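# Sequence first, then the predicted structure:
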Amino acid sequence: MLSVNNLKVAYGGIQAVKGIDLAVHAGELVTLIGSNGAGKTTTMKALTGTLAAQSGEIEFLGQSIKGRGAWDLVAQGLAMVPEGRGVFTRMTIIENLQMGAYVLTGASAKAQIADDIEKAFVTFPRLKERKDQLAGTMSGGEQQMLAMARALMSRPKMLLLDEPSMGLSPIMVEKIFDVVRDVRAQGVTVLLVEQNAKLALQIADRAYVMESGLITMSGAAKDLLDDPRVRAAYLGE
Ligand code: ATP
């Protein structure tokens, strides 16, 4: 579904991503782990067209998407939940969800959107309780749920999640990871960037490890979970 070849991204003279290859197949849950500054967020931004790639190729559903804008990619089925959630703070929960559905158009869009909002409320009951609250007044965990629900409103084929566990309590992290599992069970392909390597490797099928702008290890998530180098560097053992 997604294929990345020799991707390089730089900020001026700083080479943040130095030529990486990765692939995500339809139906998979793949995680990209690595420490601070490894280049994970930069990679995600290049995939979603919020940052220009210096060189390399990015294909989604067999077509090059390099240079395409994020708004365009959402319409193709590639949605992103950014690091830091990025909710519209001065809009209500309902309004944020409606914004996520901007790609649905046509005569049946209104009914589809109403239906999808009801589905989001089943997955995230807390959002239903707070539906008229301004998003900026919600807790970090609630905002993370909203950001995920908003992305799902575009009916994506693939969801890119950047550090959904960041700044959340352990209980909230468990809840968010349960939702990631559910989303995948519903047939959405997932690429998950995480610093919480243990949890990410526990729910993923495959994983890539990124260090200083390069992919240094990859394989089945369960194998990496047992790998002594991963255990020492990322699982604190
Ligand atoms: P974290 O887990 O801490 O978010 P990360 O793996 O997502 O880290 P990136 O945010 O992609 O890492 O950063 C990769 C490198 O690029 C870092 O050295 C960072 O300082 C640098 N970088 C990121 N954003 C910019 C920017 N806007 N201008 C210059 N350098 C940047």
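Perfect, thanks for sending it.
# The residue nearest to the spatial centre of the chain and residue 202: what is the separation?
Nearest residue to the geometric centre of the chain (C-alpha atoms, centre = their mean): residue 161, 1.3 Å. Using C-beta to C-beta, to the nearest Å, residue 161 is found at 15 Å from residue 202. (Glycine included, C-beta is placed from N, CA and C.)
# How about residue 116?
Taken as C-beta to C-beta, the span from residue 116 to residue 202 is 29 Å.
# cool, residue 114 as well?
Taking C-beta to C-beta, one finds residue 114 at 36 Å from residue 202.
# Counting neighbours, go ahead and name the busier of these two.
Per other C-beta atoms under 10 Å, whichever of residue 114 and residue 202 has more neighbours is residue 202, with 14 against 11.
# Spell out the secondary structure type for that one.
Following DSSP: H, G, I helix; E, B strand; the rest coil, the label given to residue 202 is helix.
# Tell me the residues of the protein that contact the ligand?
11, 14, 16, 34, 36, 37, 38, 39, 40, 41, 42, 195 (C-beta under 6 Å from any ligand atom).
# Apply 8 Å and report the result again.
Within the chain, the residues that sit near the ligand (C-beta under 8 Å from any ligand atom) are 11-12, 14, 16-17, 34-45, 83, 162-163, 193, 195, 210, 213.
# For ChimeraX, write the select line for the buried members of the residues you listed.
Of the residues of the chain next to the ligand, the buried ones go into a single ChimeraX selection, burial set by 16 or more other C-beta atoms under 10 Å:
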select :16,17,34,38,39,40,41,42,43,44,45,83,162,163,193,195,210,213
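# ranges for the helices of this protein?
40-47, 70-76, 93-100, 109-123, 125-129, 140-152, 170-185, 197-203, 221-226, 228-234 (DSSP state H).
# possible to save those helices as a markdown table with mean pLDDT?
Listed next are the helices of the chain as a markdown table, based on pLDDT from 0 to 100:
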| stretch | mean pLDDT |
| --- | --- |
| helix 40-47 | 95 |
| helix 70-76 | 92 |
| helix 93-100 | 96 |
| helix 109-123 | 94 |
| helix 125-129 | 94 |
| helix 140-152 | 94 |
| helix 170-185 | 92 |
| helix 197-203 | 95 |
| helix 221-226 | 96 |
| helix 228-234 | 90 |
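# nearest to residue 2, of the ones you listed?
helix 40-47 (7.3 Å; C-beta to C-beta).
# Now do the closest one: everything it contacts.
2, 4, 7, 9, 11, 16-17, 20, 32-34, 51-53, 58, 78, 80, 82-83, 160, 162-163, 191, 193, 210 (C-beta atoms under 8 Å, 6 or more residues apart in numbering).
# who's in contact with residue 147?
Applying C-beta under 8 Å, 6+ apart, the residues contacting residue 147 are 81, 82, 85, 86, 87.
# Same check on residue 207?
Residue 207 touches 30, 31, 32, 33, 200, 201, 218, 219, 220, 221, 224, counting by C-beta under 8 Å, 6+ apart.
# hmm, back to that, would JSON lines of the helices of the chain with distance to residue 62 be doable?
Shown next, in JSON lines, are the helices of the chain (distance: least, C-beta to C-beta, whole Å):
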{"stretch": "helix 40-47", "distance to residue 62": "15"}
{"stretch": "helix 70-76", "distance to residue 62": "11"}
{"stretch": "helix 93-100", "distance to residue 62": "26"}
{"stretch": "helix 109-123", "distance to residue 62": "26"}
{"stretch": "helix 125-129", "distance to residue 62": "35"}
{"stretch": "helix 140-152", "distance to residue 62": "22"}
{"stretch": "helix 170-185", "distance to residue 62": "21"}
{"stretch": "helix 197-203", "distance to residue 62": "27"}
{"stretch": "helix 221-226", "distance to residue 62": "25"}
{"stretch": "helix 228-234", "distance to residue 62": "32"}
